[in-house]
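Asks: here is my input; please provide its structure:
(2 chains)
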2 protein chains.
Amino acid sequence: MTHTPAHTRMSAADLEALPSRSRAHLVNLCSGIKGLHLLGSRSKSGQDNLAPFNSVLHIGASPAALGVLFRPITVRRDSYRNIQETGYFTLNLVSRPMLDAAHHASAKWAADESEFSATGLTPLDNGFPAPHVAESPLSIGLRLVEEQHIRFNDTRLLIGAVEEVLLPVDSLPEGGWMRLDEHDILSVAGLDSYYQGRLVARKAYAQTDAAPPDLVRDRD
Amino acid sequence: MTHTPAHTRMSAADLEALPSRSRAHLVNLCSGIKGLHLLGSRSKSGQDNLAPFNSVLHIGASPAALGVLFRPITVRRDSYRNIQETGYFTLNLVSRPMLDAAHHASAKWAADESEFSATGLTPLDNGFPAPHVAESPLSIGLRLVEEQHIRFNDTRLLIGAVEEVLLPVDSLPEGGWMRLDEHDILSVAGLDSYYQGRLVARKAYAQTDAAPPDLVRDRD
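Replies: Numbering: from 1, shown residues only, chains lettered A, B, ... in the order given. Here you go, the predicted model:
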């Protein structure tokens, strides 16, 4: 139906033979242009922490829950430790004006340094046990409800139940739907590349009898 | 540092009070503009199956692995059953020319109907035990290595080790990096909305001493 590109095949052995950084770049491309969040947490002693994650997973809508994958705990992981200590965290969608600060938050800051002060982002304290990011157009407060240990590579999937959602006040979604590109939401691909998404189509619920029509369609 | 939007707060109770479809739309927005894949699988009897997924997770680069979250198995789930039967599946990034076909593949086709024939996408049979999608610019062949049962809502995370990656022949990534927007890769947000991402910046590895410079930057 559409153009069929010619492909080159890389086997698992070809991937393992790559330099470590090249392999990391390439394998990270396989999950596509994906969601980007800043994870906010607070230590038992009250130190705020902020770190970018590209491994947030929709778990379910009722009850509402999201998951976050954590690398093996072989180095200091402030976010993971804080969530274990307090049981709470926030996930904050990243908009384009936040790009440089969000990336800078990924540097190895000392445990007693706040990424908020370091990057200029603003903690929003509304009483929730973890800090929201005031600049984020869509921020979610979560409570840890489950942890899965992935034996294959010793990573951990933390499941958080949604306790609160902070939405832009001027765009309460009708029927739960809103255009995320009106808020300049960013995505990420690979290890270091940020993409801005533009809506190309909203489709009607798919039926087998006819191709589903567009509810919204941008020009091709 | 940047504009701080005014927010409206919705609690977990506010979310539960929404009509089911509105809640599903809204909670699906919380994971952002995220990756979109067609999952290819083959039944024991040789019937090919194709279904869109927005719940693919990068698990690790060495060994290379991806995860896919499956809804509770309360209705017929051909993809899940096929993977259990054969132990193999493919994940295929979706490009813009594939949009209508990819969405149509989400309709409730009968178990003996192939979504390939129904939507016009082309199975690429290179000997792998599950069909790749020939039109996809980046297609991954995976072997099931682990299953996690998420007790919170009875969903299942299937972990697949990457056995092969099919890349566009004219764009072998240098240092493992390539621009996904040159292949018109789509993302998805909410239940039914497709976004096209454009690279806005590739950033240098973040250090604490100075704001990381751009390796590539599009104009704002």
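Asks: settle this for me: A:Ala130 is touching A:Gly141, isn't it.
Replies: Yes. Using CB atoms under 8 Å, A:Ala130 makes contact with A:Gly141 at a distance of 6.8 Å. Backbone N, C-alpha and C define where each C-beta goes, glycine included.
Asks: so which strand or helix has A:Leu199?
Replies: strand A:193-203 (DSSP states H and E).
Asks: now do the shared contacts for A:Ala130 and A:Gly141.
Replies: Contact criterion CB atoms under 8 Å, 6 or more residues apart in numbering or on different chains; residues shared by A:Ala130 and A:Gly141: A:Tyr88, A:Thr90.
Asks: circling back: got the angle for the strand holding A:Leu199 vs strand B:193-203?
Replies: Here the directions of strand A:193-203 and strand B:193-203 differ by 170 degrees (axes from the mean of the first three to the mean of the last three CA atoms, to 10 degrees).
Asks: got a pLDDT number for A:Pro72?
Replies: With respect to pLDDT, A:Pro72 scores 88.
Asks: contact partners for the closest residue to A:Leu26 other than its chain neighbours?
Replies: Closest residue to A:Leu26 in three dimensions, ignoring its sequence neighbours and counting by CB to CB, 6 or more residues apart in numbering or on different chains: B:Gly176, at 3.8 Å. If a contact means CB under 8 Å, 6+ apart, then B:Gly176 has A:Leu18, A:Arg21, A:Ser22, A:Arg23, A:Ala24, A:His25, A:Leu26, A:Leu29, A:Gly190 as its contacts.
Asks: want to throw those into CSV with neighbour count, distance to B:Gln148 and pLDDT?
Replies: Shown next, in CSV, are the contacts of B:Gly176 (neighbours: other CB atoms under 10 Å in any protein chain shown; distance: CB to CB, whole Å; pLDDT from 0 to 100):
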residue, neighbour count, distance to B:Gln148, pLDDT
A:Leu18, 18, 28, 93
A:Arg21, 14, 29, 92
A:Ser22, 17, 29, 93
A:Arg23, 19, 24, 95
A:Ala24, 18, 23, 94
A:His25, 23, 26, 93
A:Leu26, 25, 25, 95
A:Leu29, 25, 24, 96
A:Gly190, 24, 25, 89
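Asks: of those residues, closest to A:Thr119?
Replies: A:Gly190 (21.3 Å; CB to CB).
Asks: measure the closest one to A:Arg21 for me?
Replies: 11 Å (CB to CB, to the nearest Å).
Asks: could you pull out the strands for chain A?
Replies: Under the criterion DSSP state E, chain A contains strands at A:7-11, A:34-35, A:37-42, A:48-53, A:56-61, A:64-70, A:88-93, A:123-124, A:132-133, A:139-150, A:155-168, A:186-189, A:193-203, A:214-217.
Asks: still on that earlier bit, may I have the strands that pair with the strand holding A:Leu199, each with its orientation?
Replies: With DSSP bridges as the test, strand A:193-203 is paired with strand A:186-189 (antiparallel), strand A:214-217 (antiparallel), strand B:193-203 (antiparallel).
Asks: chain center to the second one, what's the gap?
Replies: Strand A:214-217 sits 26 Å away from the centroid of its parent chain (CA atoms, centre = their mean, to the nearest Å).
Asks: just the buried residues of that strand, please?
Replies: Residues of strand A:214-217 classed as buried by neighbour count (16 or more other CB atoms under 10 Å in any protein chain shown): A:Asp214.
Asks: quick one: residues in contact with it.
Replies: A:Leu199, A:Val200, A:Ala201, A:Arg202, A:Lys203, A:Ala204, B:Asp192, B:Ser193.
Asks: identify the bridge partners of the fifth one.
Replies: Using DSSP bridges, the beta-bridge partners of A:Lys203 come out as A:Asp214.
Asks: quick one: residues contacting it.
Replies: Neighbours of A:Lys203 in contact, by CB under 8 Å, 6+ apart: A:Pro212, A:Pro213, A:Asp214, A:Leu215, B:Asp100, B:His103, B:Asp192, B:Ser193, B:Tyr194.
Asks: now A:Arg179, nearest residue through space, not along the chain?
Replies: A:Leu199 (5.5 Å).
Asks: in the sheet, which residues pair with the one you found? Tell me.
Replies: With DSSP bridges as the criterion, A:Leu199 is bridged to B:Tyr195.
Asks: cool, A:Ala51 as well?
Replies: Beta bridges link A:Ala51 to A:Leu39 when assigned by DSSP bridges.
Asks: next, count neighbours for it.
Replies: 19 (other CB atoms under 10 Å in any protein chain shown).
Asks: confidence score at it?
Replies: In this model, A:Ala51 is scored at 95, pLDDT.
Asks: contacts only, for it.
Replies: The contact partners of A:Ala51, taken as CB under 8 Å, 6+ apart, are A:Leu38, A:Leu39, A:Asp78, A:Ser79, A:Ala105, A:Ser106, A:Glu115.
Asks: TSV for the residues you listed, including neighbour count and pLDDT?
Replies: Compiled in TSV, the contacts of A:Ala51 are given as follows (neighbours: other CB atoms under 10 Å in any protein chain shown; pLDDT from 0 to 100):
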residue	neighbour count	pLDDT
A:Leu38	28	97
A:Leu39	27	97
A:Asp78	20	90
A:Ser79	19	95
A:Ala105	23	93
A:Ser106	21	91
A:Glu115	26	91
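Asks: tell me the one of the residues you listed nearest B:Tyr88?
Replies: Of the contacts of A:Ala51, the one sitting nearest to B:Tyr88 (CB to CB) turns out to be A:Leu39, at 33.4 Å.
Asks: residues touching the closest one, list them.
Replies: A:Leu39 sits next to A:Leu50, A:Ala51, A:Pro52, A:Phe53, A:Val68, A:Ser79, A:Phe89, A:Thr90, A:Leu91, A:Asn92 when contact means CB under 8 Å, 6+ apart.
Asks: how about the contacts of A:Ala51, which pair is most distant?
Replies: A:Leu38 and A:Asp78 (13.3 Å).
Asks: excluding covalently adjacent residues, which one is nearest to A:His3?
Replies: Here the nearest residue to A:His3 in space, its sequence neighbours aside, is B:Pro97; by CB to CB, 6+ apart that works out to 6.5 Å.
Asks: touching, the one you found and B:Glu135? I think so.
Replies: Yes. In this structure, B:Pro97 is within contact of B:Glu135 by CB under 8 Å, at 7.1 Å.
Asks: stretch A:148-167 vs chain B: in contact?
Replies: Yes. Counting by CB under 8 Å from any CB of the partner chain, contacts between stretch A:148-167 and chain B involve A:148, A:150-153, A:155, A:157, A:159, A:161-167.
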